[in-house]
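Novice: Starting from these lines, generate the structure:
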Amino acid sequence: MRTLREDIARSTHGSVSAAHCQFSPLQAERAARAIISASMRGDAEVVVTLPAKIAARFHGLFPGLTQDLLGMFNRFLPPPGGIGMRKAKGAESKSALSPSWLTFLSDRGAQNNNQLG
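Specialist: Numbering: from 1, shown residues only. From the prediction side, this is the model:
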């Protein structure tokens with residue numbers, strides 16, 4: 001049985017990356033407990049947040065519609081960057097909107113988790 005993540009990757013040919021969510025430490029601990037409990041029970045997957053549960057349920061009920069919606073969303077995403085095949089770390093990626101108030105939570109999370117540079 002495929003997961004929602006696999007279906008998203010297949011429907012968009014891998015061009016949609018996972019959204020970066022900023023968790024509070026309490027949410028991260030709750031997620032960690034849920035993941036550990038699921039692994040101890042032998043569950044193949046665990047869905048932690050309410051939006052993810054709603055998305056998974058929607059996809060289970062309407063897989064074709066989900067793929068169509070994600071395909072339409074994919075058309076609005078920017079094209080690949082202008083660095084070609086060159087590799088770059090995320091910290092090296094800058095744009096007109098980065099860093100800014102739009103990326104404040106992600107930037108703060110990266111700093112808190114020692115993920116800069």
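Novice: ok, longest helix in the protein?
Specialist: helix 25-41 (DSSP state H).
Novice: Convert it to PDB, retaining C-alpha atoms only.
Specialist: Only the C-alpha atoms of helix 25-41 are listed here, as PDB (Å, rounded to 0.1, in the frame of the first residue of the first chain):
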ATOM      1  CA  PRO A  25       9.300  22.100  21.400                       C
ATOM      2  CA  LEU A  26       6.200  20.700  23.000                       C
ATOM      3  CA  GLN A  27       4.800  19.700  19.600                       C
ATOM      4  CA  ALA A  28       8.100  18.100  18.600                       C
ATOM      5  CA  GLU A  29       8.100  16.000  21.800                       C
ATOM      6  CA  ARG A  30       4.500  14.900  21.300                       C
ATOM      7  CA  ALA A  31       5.400  13.900  17.700                       C
ATOM      8  CA  ALA A  32       8.400  12.000  18.900                       C
ATOM      9  CA  ARG A  33       6.300  10.100  21.500                       C
ATOM     10  CA  ALA A  34       3.700   9.200  18.800                       C
ATOM     11  CA  ILE A  35       6.500   8.000  16.400                       C
ATOM     12  CA  ILE A  36       8.100   5.900  19.100                       C
ATOM     13  CA  SER A  37       4.800   4.400  20.200                       C
ATOM     14  CA  ALA A  38       3.900   3.600  16.700                       C
ATOM     15  CA  SER A  39       7.200   1.900  16.100                       C
ATOM     16  CA  MET A  40       6.800  -0.100  19.300                       C
ATOM     17  CA  ARG A  41       3.400  -1.300  18.100                       C
END
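Novice: what pLDDT, on average, does the helix or strand just after that helix get?
Specialist: With elements assigned by DSSP states H and E, the helix or strand that comes after helix 25-41 is helix 50-61. Average pLDDT, helix 50-61: 93.
Novice: Give me the contact list for the longest helix of the chain.
Specialist: Phe23, Glu45, Val46, Val48, Thr49 (C-beta atoms under 8 Å, 6 or more residues apart in numbering). Where you see a C-beta, it was placed from the backbone N, CA and C, and this is true even at glycine.
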